[in-house]
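Undergrad: output the structure for:
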Amino acid sequence: MHRSGTSAVAGIATLLGAEPPGGMVPAASDNPNGFWESAAIVITNQGLLTGLGYNWYDCLPFDSDLLDPDLRLAMLPQMETTLRDDFGSAPMFVIKDPRMCLVLDVWKPVLPGAAALLCLRHPAEVAGSLFRRDRCNTEIGLALWLHHTLEAERSTRNLPRAIVSYDRFLQDWRGTMIRVGRQAGISWLRDPASAVEDDSRRIAVRYRHHFAAPDRVAVSKPPVRGWIAETWRVMRASEESGLDAAAMRTLDQIRSDFAPWRRSAPRVFAVPRSD
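TA: Numbers count the residues shown, from 1 in each chain. Reported below is the predicted structural model:
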């Protein structure tokens, strides 16, 4: 989900040897250390959303199954060209864009050997950050957190993966990256234990403006409140051991129950920033 620490994790991944995109989205006041996003990939993903009438902040009814199969096939050469232009022949590279939570299935044919790091931040912190930056309605922000989290989990089930919780990453990014490398089968090109941050990749805790107790999730209104609380509980409990079959069944049930609600959710028509 947006505002979940994805930029910090992507920046550290490049510190550990993953190639950053050649054409990056420039840093901004709300993310002064940079987004570590490919501008071309963001444009492609945004186009997939807007093609069906949605935007990054107005995507609750969006489902990648709605995309035309012929369009998916037609886009593959463009996606391959984008990857080649951005990363060349790098042995390891990092793609970071929260929209990937929703459109990863479209990219999978051109991403053989990919591993997924699922960035997890407390939903109240995410909603608070979205409101602070974009004045995004808190209830919509919380529903967006749930939608992105469930879709990211579902779409990465056939990939090596690991969960990265934002608060634990800030406390010990080296230990976190060692763990996720082991879980997701990522052989970092530089040893996290001895890596030294530079200015562009420094984990700046001072930029964290929102804090919530990790063992307390009572946000939004019923029924969304219950779905969020249970999703957070399952994802948080699975960080060390990985998501097992029981956890995925629980998340599938939440996704099924949530689907009618999100398809009828109120639309959002204007948010000033883009990520």
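
Undergrad: quick one: Gly181 and Leu189 touch, right?
TA: No. If you go by Cβ atoms under 8 Å, Gly181 and Leu189 don't touch, sitting 10.7 Å apart. Any C-beta I mention is one placed from the backbone N, CA and C, and that applies to glycine too.

Undergrad: overlap in contacts, these two.
TA: Between them, Gly181 and Leu189 share no contacting residue under Cβ atoms under 8 Å, 6 or more residues apart in numbering.

Undergrad: which one of those two has more residues nearby?
TA: Set side by side, Gly181 and Leu189 show more neighbours around Gly181, with 18 against 12, by other Cβ atoms under 10 Å.

Undergrad: for the stretch 151-275 of the chain, just list every one of the helices.
TA: 166-171, 173-184, 224-237, 245-263 (DSSP state H, counting those that start in this stretch).

Undergrad: quick one: which of those helices is nearest Glu19?
TA: helix 173-184 (16.3 Å; Cβ to Cβ).

Undergrad: the nearest residue to Pro20 once chain neighbours are set aside: how many residues sit nearby?
TA: Nearest residue to Pro20 in three dimensions, chain neighbours excluded: Thr14, at 4.6 Å (Cβ to Cβ, 6 or more residues apart in numbering). By other Cβ under 10 Å, the residues close to Thr14 number 20.

Undergrad: again, but for Thr81
TA: 12.

Undergrad: and the gap between it and Leu73?
TA: Look at Thr81 and Leu73: by Cβ to Cβ, to the nearest Å, they are 15 Å apart.

Undergrad: what are the boundaries of the strands in the chain?
TA: Taking DSSP state E as the test, the strands found in the chain are 116-120, 161-165.

Undergrad: against Leu76, how distant is Leu48?
TA: 13 Å.

Undergrad: to clarify, my last question referred to Trp227.
TA: 34 Å.

Undergrad: the more surrounded of those two?
TA: More crowded of Trp227 and Leu76, by other Cβ under 10 Å: Trp227, with 22 against 13.

Undergrad: how near is that one to Arg135?
TA: 24 Å.

Undergrad: neighbours of Glu240, how many?
TA: By other Cβ under 10 Å, neighbour count at Glu240 equals 11.

Undergrad: residues contacting it?
TA: Arg179.

Undergrad: now the residue lying closest to Leu71 once chain neighbours are set aside: phi and psi?
TA: Among residues not flanking Leu71 along the chain, Gly51 sits closest, at 7.7 Å (Cβ to Cβ, 6+ apart). Backbone torsions for Gly51, taken as degrees, to the nearest 10, come to phi -60, psi -20.

Undergrad: distance check, Gly51 against Gln183.
TA: Distance from Gly51 to Gln183, by Cβ to Cβ: 35 Å.

Undergrad: of these two, who's got more company?
TA: Gln183 (18 against 12).

Undergrad: which residues are in contact with the more buried one?
TA: Counted by Cβ under 8 Å, 6+ apart, Gln183 has contacts Pro160, Arg161, Ala162, Gly242.

Undergrad: please repeat the previous calculation with a cut-off of 10 Å.
TA: Ala115, Leu117, Pro160, Arg161, Ala162, Ile163, Glu239, Glu240, Ser241, Gly242 (Cβ atoms under 10 Å, 6 or more residues apart in numbering).

Undergrad: is it correct that the third one is in contact with Ala114?
TA: Read that as Pro160. Yes. At 8.2 Å, Pro160 counts as touching Ala114 under the criterion of Cβ atoms under 10 Å.

Undergrad: what touches both of the two?
TA: Between them, Pro160 and Ala114 share the contacting residues Ala184, judged by Cβ under 10 Å, 6+ apart.

Undergrad: in stretch 238-250, what's buried?
TA: Ser238, Glu239, Leu243, Ala247 (16 or more other Cβ atoms under 10 Å).

Undergrad: I figured Phe269 hits Asn55, correct?
TA: Yes. Applying Cβ under 10 Å as the test, Phe269 and Asn55 come out as touching, 8.8 Å apart.
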